[in-house]
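Q: Prediction below, plus the sequence it came from.
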Amino acid sequence: MSARDRIREFFERNVGKVVTTNQIRRVASISEYARRIRELRNEEGMQIHSHLDDPALKPGEYMLVSLERLPAFGRGIPAGVRTRVLERNGYTCQLCGAAGGDPDPTNPAQKIRLHLDHVLPVSQGGSSDEDNLRVLCSACNQGRANIQPASEGAKNLLMRLRKAPRAVQREVYEALKRRFEGS
């Protein structure tokens with residue numbers, strides 16, 4: 001039985017219960033258990049939540065919330081392409097300007113995750129080439145948020161800021177904070 005099979009069975013036996021990375025590591029008998037969890041989510045549609053999905057969970061805790069499977073997706077986009085698209089888009093949602101880890105606009109207790117989106121869906125003849133891919137946040141990608149998209153100028157500025165060193169980001173933040181205090 002593979003590590004992925006052992007982890008799947010462990011989650012299914014503990015549906016609705018909080019499990020820890022230490023428990024998963026012991027069950028899997030491998031150090032790459034996090035990759036297997038991502039595969040179970042992405043390729044098998046298992047509803048495994050972490051602290052990014054559920055504010056009641058702490059880092060290092062997971063929960064299979066239901067045995068019902070969501071639509072799964074494969075690994076159709078090579079890692080190199082994924083990295084180039086994320087860098088090109090400044091690790092920023094191209095619709096609303098959010099970054100991974102920002103608060104979710106529909107549930108501020110949750111955090112945004114970034115996804116690659118096909119501009120022209122594969123089902124309509126789109127490809128996984130870089131020019132047909134863009135970064136979207138989990139809220140925009142799921143179509144569950146009514147967010148006013150950022151202007152092109154704001155998206156470009158956000159992209160440049162996210163690529164800047166932390167000290168430069170802090171300097172810009174402090175300057176904007178001084179500029180708009182009391183407004």
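A: Cool, got the structure. Please read all numbers here as calculations on a predicted model, not as lab measurements.

Q: Could you use CA atoms for every contact and neighbour count after this?
A: Will do.

Q: Walk me through the domains of the protein.
A: Listed domain ranges for the chain are 3-64, 79-180 (source: automatic domain parsing).

Q: roughly how far apart are the residue positioned nearest the centre of the chain and residue 101?
A: What sits nearest the mean C-alpha location of the chain, by Cα atoms, centre = their mean, is residue 113, with 2.3 Å. Look at residue 113 and residue 101: by Cα to Cα, to the nearest Å, they are 6 Å apart.

Q: Identify the residues contacting the residue nearest to the centre of the chain.
A: Residue 113 sits next to 99, 100, 101, 137, 138 when contact means Cα atoms under 8 Å, 6 or more residues apart in numbering.

Q: I figured residue 49 was touching residue 66, is that so?
A: No. Counting by Cα atoms under 8 Å, residue 49 does not reach residue 66; the two are 10.0 Å apart.

Q: Name the residue in the two with the higher neighbour count.
A: residue 49 (18 against 14; other Cα atoms under 10 Å).

Q: contact partners of stretch 6-15?
A: Counting by Cα under 8 Å, 6+ apart, 24, 27, 28, 36, 37, 40, 63, 64, 65, 66, 67 sit against stretch 6-15.

Q: Buried ones from those, can you make that a ChimeraX selection?
A: Filtering those down to the buried ones (16 or more other Cα atoms under 10 Å) takes a single ChimeraX command:
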select :24,27,28,36,37,40,63,64,65
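
Q: which of the contacts of stretch 6-15 lies closest to residue 156?
A: Looking at those and their distance to residue 156, the nearest is residue 37, at 34.0 Å (Cα to Cα).

Q: What residues of the helix or strand hosting that closest one count as buried?
A: Assigned by DSSP states H and E, residue 37 belongs to helix 33-44. Across helix 33-44, burial judged by 16+ other Cα under 10 Å covers 33, 36, 37, 39, 40, 41, 42, 43, 44.

Q: Determine the number of other residues adjacent to the closest residue in space to residue 140 that isn't next to it in sequence.
A: Spatial nearest neighbour of residue 140, chain neighbours left out: residue 95 (7.1 Å); criterion: Cα to Cα, 6 or more residues apart in numbering. Per other Cα under 10 Å, the neighbour tally for residue 95 reads 19.

Q: got it, and residue 181?
A: There are 7 residues near residue 181, going by other Cα under 10 Å.

Q: Need the pLDDT of it.
A: With respect to pLDDT, residue 181 scores 85.

Q: can you pull out the strands in this protein?
A: 19-20, 48-49, 61-64, 103-104, 107-111, 114-118, 133-137 (DSSP state E).

Q: which of those sits most buried?
A: The highest average neighbour count among the strands of the chain, using mean count of other Cα atoms under 10 Å, belongs to strand 133-137 at a mean of 25.
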